[in-house]
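1. only the shape, not the letters, is given here:
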């Protein structure tokens, strides 16, 4: 009996782990060809990249710092995607999340202690990010405006709004740089080297901070919400089939708004890492493209928290290791590192299912089709 490879269900470990690893392998193969073309040994370059990202505590700190942002934005895309929504607005939602943190800390950092300020700052980042995502969500649910178009437009609106506020309203008096004053020490999220120092562990100072634990907690909460709650079931049902959701008594409009607000809140948490943990002030362009990279992270991780953590770590390695690589080998420019990242996005995103038929055929050779669970 012939079976279409597209209709054959695969175990989660194949879908979430094996196929993405194969896609990454193909991307690295073509990256190696590019390096050979310019006279660089790809094996040597790979060794430099891995050592520059994971070889010592300073490198690991930076890698995990980048990873934290990718987890937040990857989860943001995944939550919306399960509702069949494509949230391209993570960049703007992260920006407005930073505005929320800034407004709260500028008003309260001289009044409240750290034990109150830090939870309030985290909540403000999520609430402002959710509020910025609510408007495109409402337009999609009640006016039929396409979520992709509106979220892209809201990125530009958020960027323009932040420029105006930081140049004309929130700028620290007496300075030229468009940024707020530095927050009080009580409004700072502890750095990881400080946290580990409390337990007698000494590591090099890096931007890594306790927002990594916030990101990992979000992974657990997203998994519980989507796969272990009634609301998550409604979200997935509405995303899979709106007519079926209506028949089951689920209100798709409410699902759209809920999913996008959760997505916006997760994107807003980028400000927890950047504003509360690193810069300690609101500055321009702190999202630095993480909102867009989160799309690739989510696709590579198959919109599952475990896969997103793995994909985020990979992108963290590429960001930190790529910087080291460009420094050690002058022939490899920063633009070439971006090209390597683009190849990984290409094969893990647009061509994510290219190798699936081969994997299915190998799987069927081991497990007869009659034993497979129905799709």
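-> Looks like it arrived, so ask away. Predicted model only: the values in this text are computed from it and were never measured. Numbering: from 1, shown residues only.

2. dump the residue contacts of residue 202.
-> When contacts are counted by CB atoms under 8 Å, 6 or more residues apart in numbering, residue 202 touches 193, 196. Every residue, glycine included, has its C-beta placed from N, CA and C.

3. let me fix that: residue 309
-> Counting by CB under 8 Å, 6+ apart, residue 309 touches 67, 71, 216, 219, 301.

4. tell me which residues touch the third one, please.
-> For residue 216, the contacting residues are 71, 309, taking CB under 8 Å, 6+ apart as the criterion.

5. below-threshold pLDDT in the protein: ranges please.
-> Of all residues in the chain, those with pLDDT under 70 make up the ranges 1-7, 349-350, 352, 368-375.

6. ok, longest helix in it?
-> Taking DSSP state H as the criterion, the chain has its longest helix at helix 114-143.

7. the helices in the stretch 101-250 of the chain, which residues?
-> For the stretch 101-250 of the chain, the helices defined by DSSP state H, counting those that start in this stretch occupy 114-143, 147-164, 192-197, 211-228, 230-240, 242-247.

8. pick the most buried one from those helices.
-> Each of those was scored by mean neighbour count; the highest is helix 114-143, a mean of 21, by mean count of other CB atoms under 10 Å.

9. that helix relative to helix 211-228, how many degrees between them?
-> Here helix 114-143 points in a direction 40 degrees away from that of helix 211-228 (axes from the mean of the first three to the mean of the last three CA atoms, to 10 degrees).

10. who are the packing partners of helix 114-143?
-> helix 90-108, helix 147-164, helix 252-268, helix 270-271 (3 or more CB pairs under 8 Å, 6 or more residues apart in numbering; DSSP states H and E).

11. next SSE downstream of the shortest one?
-> Beyond helix 270-271 in the direction of the C-terminus, DSSP states H and E gives the next helix or strand as helix 290-300.

12. can you give me the distance of residue 284 to residue 164?
-> The gap separating residue 284 from residue 164 is 11 Å, by CB to CB, to the nearest Å.

13. scratch that, residue 105 is what I was asking about
-> 20 Å.

14. could you do residue 144 as well?
-> Remark: distance between residue 144 and residue 164 (CB to CB) = 30 Å.

15. picking that back up, of all the helices and strands packed on helix 114-143, which lies closest to residue 205?
-> Closest approach to residue 205 among those is made by helix 270-271 (21.4 Å; CB to CB).

16. so what does the closest one touch, helix or strand wise?
-> So helix 270-271, by 3+ CB pairs under 8 Å, 6+ apart, packs with helix 57-82, helix 90-108, helix 114-143.

17. confirm residue 53 sits in a helix?
-> Yes - judged by DSSP: H, G, I helix; E, B strand; the rest coil, residue 53 forms part of a helix.

18. so which of the helices and strands packed on helix 114-143 gets nearest residue 179?
-> The nearest among the helices and strands packed on helix 114-143, by CB to CB, is helix 90-108 at 9.5 Å.

19. buried residues, the closest one. List them.
-> Across helix 90-108, burial judged by 16 or more other CB atoms under 10 Å covers 90-106, 108.

20. with stretch 305-320 instead?
-> Neighbour counts using 16+ other CB under 10 Å place 305, 307-320 of stretch 305-320 among the buried residues.

21. over to stretch 197-210?
-> Using 16+ other CB under 10 Å as the test for burial, stretch 197-210 gives 203, 206, 207, 208, 209, 210.

22. out of those residues, which sit inside strands?
-> Using DSSP state E, no member of these sits in strands.

23. nearest to residue 241 among those?
-> For the buried residues of stretch 197-210, the residue nearest residue 241 by CB to CB is residue 210; the value is 40.7 Å.

24. what about the closest one, distance to residue 122?
-> Applying CB to CB to residue 210 and residue 122 gives a distance of 10 Å.

25. again, but for residue 143
-> 32 Å.

26. out of the helices and strands packed on helix 270-271, flag the one nearest residue 359.
-> helix 57-82 (22.0 Å).

27. neighbours around residue 181, how many?
-> Taking other CB atoms under 10 Å as the neighbour definition, residue 181 ends up with a count of 18.

28. wait, doesn't it sit right on residue 172?
-> Yes - with contact defined as CB atoms under 8 Å, residue 181 reaches residue 172; the gap is 4.1 Å.

29. list the contacts of the residue lying closest to residue 263 once chain neighbours are set aside.
-> Counting by CB to CB, 6 or more residues apart in numbering, residue 80 is the residue found nearest to residue 263 once chain neighbours are left out, at 4.1 Å. Residue 80 makes contact with 86, 87, 147, 259, 260, 263, according to CB under 8 Å, 6+ apart.

30. mind checking which of those are buried?
-> Listed as buried from the contacts of residue 80 are 87, 147, 259, 260, 263; burial here means 16+ other CB under 10 Å.
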